[in-house]
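> Below are the sequence and a predicted model; questions follow.
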Amino acid sequence: MSPLPRAARMSDVVGFGIDRVAAAAALPHRGRRVLRLENLDTDLPLPPEAVAVTREALTEPASNSWLPFTGDLDLRAAIADDTAARCGHPYDPEREIVVTCGGMEALLDVLLATVDAGNEVVLTDPIYAGIVNRVRLAGGRPVFARLIAEPGGWRLDREALAAAAGRPRARVIVLMSPSMPTGHVLDRDDWALVAELCERHDLLLLYDAAMEALRFDGRELVHPLTLPGMTERTVIAGSLSKEHRMIGWRVGWIAGPEAVVRDAGWVHVYNTTMPVAVARRAATAVLRGDHGHVARAAAELQRRRDAILATLPHLAVIPAHGGWSLLVDTRASGLEPAEASRIMMEEGAIAATPMTGWGENVAARHLRLVFSAEPVEALEELGERLAGTPLGA
């Protein structure tokens, strides 16, 4: 029998590594509870409206309907109002917003609608592996601009970004702020450069806004839509999974110029047909509700970040400026990330994921610690659990 067909685009698509670490975490570990720092589950409380409104809506016909394919208008209007409150730009709910099955579906829909085979997509190194591989699924080629690790956190290599954006086949820049897995936050000068590069090279900005309210240490929100000319060049991939912790509801959205959103909306329809109907009313209620819970979640995540920094002062831990995770440079301790991950699991019952495939050379030397699912008291055990290992003090 001849080999079964395999698309060329699959040749560079690789796994996260998260699933392998999670499988190891499920095994017995000499009676010790495994600290789950490998995936983006969270123990932070849901928005107050999420469960109650979902339960109330379960028997409504709309909760078991195919229609509307691109999301009901009330939810799209809530998304438009939420975005306008953050950046002042009034999207038209009918023409400029589509509801999707999570933020990553939104991102893939936009890439499929804007990227041709062989086009280059500019990403940071490191960046979420799910973004890297969606670029490949869309037929694009990832081109990386490095983030620079410094004692106080990550810094964008602006020269590297300019060089990547200036390549002749570059079409799209994809950015997160705060970013996964680093927690890097783009500052005002970073965004000014992005706007200038998009204008100079006629590029689209695909902005993953899933964590933009989860900033630490009083950092300001600098939204790309507030920069001159960027409303015409920016498409937002939004989500309720991070800021609002509604992972299982699978509510995301595309917001941007009508022409791009229309095309990406058809990609959405012919991929998933519809958003998650049972999530629609709760999503609307949460977006229109009191967002104080988002600020409280950000404050708790900052406390957890600080606990990791305090208990692991001997390791090359790069502080996150926002988000749910931070990175450790394990090569600074003489270990490859995969080996460090093995030691942490076997000796300390700590699940952590190597960043292989989450970028290029920068990602390849780092291990990710997620702090969304373990309380401060558990994170304070990290130093003790690693004592006596090559990662210990």
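Received it, and whenever you're ready, just let me know what you need.

> and this structure, what are its domains?
Domains of the chain are assigned by automatic domain parsing as 8-46+292-386, 53-288.

> now these in a markdown table, with distance to Ala393, mean neighbour count and mean pLDDT?
No exception for glycine: its C-beta is placed from N, CA and C like everyone else's. Output for the domains of the chain, formatted as a markdown table (distance: least, Cβ to Cβ, whole Å; neighbours: other Cβ atoms under 10 Å; pLDDT from 0 to 100):
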| stretch | distance to Ala393 | mean neighbour count | mean pLDDT |
| --- | --- | --- | --- |
| domain 8-46+292-386 | 5 | 19 | 94 |
| domain 53-288 | 18 | 20 | 97 |
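
> would JSON lines of those with distance to Gly392 be doable?
Output for the domains of the chain, formatted as JSON lines (distance: least, Cβ to Cβ, whole Å):
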{"stretch": "domain 8-46+292-386", "distance to Gly392": "5"}
{"stretch": "domain 53-288", "distance to Gly392": "21"}
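
> The closest residue to Val362 other than its chain neighbours pairs with what?
In this structure, Val362 finds its nearest non-sequential neighbour in Asp125, 4.6 Å apart by Cβ to Cβ, 6 or more residues apart in numbering. Judged by DSSP bridges, the bridge partners of Asp125 are Arg146.

> which ones are touching Asp125?
Residues near Asp125 by Cβ atoms under 8 Å, 6 or more residues apart in numbering: Phe144, Ala145, Arg146, Leu147, Gly359, Glu360, Asn361, Val362, Ala363.

> who are the neighbours in contact with the residue nearest to the last one when sequence neighbours are not counted?
The one in question is Ala363. Excluding the flanking residues, the one nearest Ala363 by Cβ to Cβ, 6+ apart is Pro126, at 3.8 Å. Pro126 is in contact with Leu147, Pro181, Thr182, Leu327, Met355, Trp358, Gly359, Val362, Ala363, His366, counting by Cβ under 8 Å, 6+ apart.

> Which of those residues fall within strands?
The members of the contacts of Pro126 that map onto strands under DSSP state E are Leu147, Leu327, His366.

> The nearest residue to the last one once chain neighbours are set aside and Arg188, how far apart?
I take that to be His366. Excluding its sequence neighbours, the residue lying closest to His366 (Cβ to Cβ, 6+ apart) is Leu327, at 4.1 Å. In this view, Leu327 and Arg188 are 24 Å apart by Cβ to Cβ, to the nearest Å.

> swap in Leu137?
According to Cβ to Cβ, Leu137 and Arg188 sit 33 Å apart.

> where do the helices sit along the stretch 101-250 of the chain?
103-114, 129-137, 158-165, 188-201 (DSSP state H, counting those that start in this stretch).

> what angle separates the last one from helix 158-165?
Pointing back at helix 188-201 there. 20 degrees (axes from the mean of the first three to the mean of the last three Cα atoms, to 10 degrees).

> Please identify which of the ones in strands among the contacts of Pro126 is nearest to Val317.
Leu327 (7.7 Å; Cβ to Cβ).

> returning to that earlier point: dump the contacts of Asp125 into a markdown table; add distance to Gly256 as well.
Shown next, in a markdown table, are the contacts of Asp125 (distance: Cβ to Cβ, whole Å):
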| residue | distance to Gly256 |
| --- | --- |
| Phe144 | 24 |
| Ala145 | 22 |
| Arg146 | 27 |
| Leu147 | 25 |
| Gly359 | 25 |
| Glu360 | 28 |
| Asn361 | 32 |
| Val362 | 29 |
| Ala363 | 28 |
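
> returning to that earlier point: kindly reformat the helices of the stretch 101-250 of the chain as TSV containing distance to Ala373.
Output for those, formatted as TSV (distance: least, Cβ to Cβ, whole Å):
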stretch	distance to Ala373
helix 103-114	19
helix 129-137	18
helix 158-165	32
helix 188-201	30
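
> Can you name every helix or strand that the lengthiest helix in the chain contacts?
Longest helix in the chain by number of residues, with DSSP state H as the criterion: helix 292-311. Counting contacts by 3 or more Cβ pairs under 8 Å, 6 or more residues apart in numbering; DSSP states H and E, helix 292-311 is packed against helix 376-379, helix 382-386.

> so how far is Ala307 from the nearest residue to Leu156 once chain neighbours are set aside?
Of all residues not flanking Leu156 in the chain, Asp190 sits nearest, at 5.0 Å (Cβ to Cβ, 6+ apart). Using Cβ to Cβ, we find Asp190 at a distance of 28 Å from Ala307.

> same deal with Asp290?
Using Cβ to Cβ, one gets 28 Å for the distance from Asp290 to Ala307.

> Bridged to the nearest residue to Ala25 once chain neighbours are set aside, which residues?
Leaving aside its sequence neighbours, Ala25 sits nearest to Ala351 (Cβ to Cβ, 6+ apart; 4.0 Å). Taking DSSP bridges, one obtains Arg36 as the residues bridged to Ala351.

> residues contacting Ala351?
Contacts of Ala351 (Cβ under 8 Å, 6+ apart): Val21, Ala22, Ala24, Ala25, Val34, Leu35, Arg36, Leu37, Glu38, Met344, Met345.
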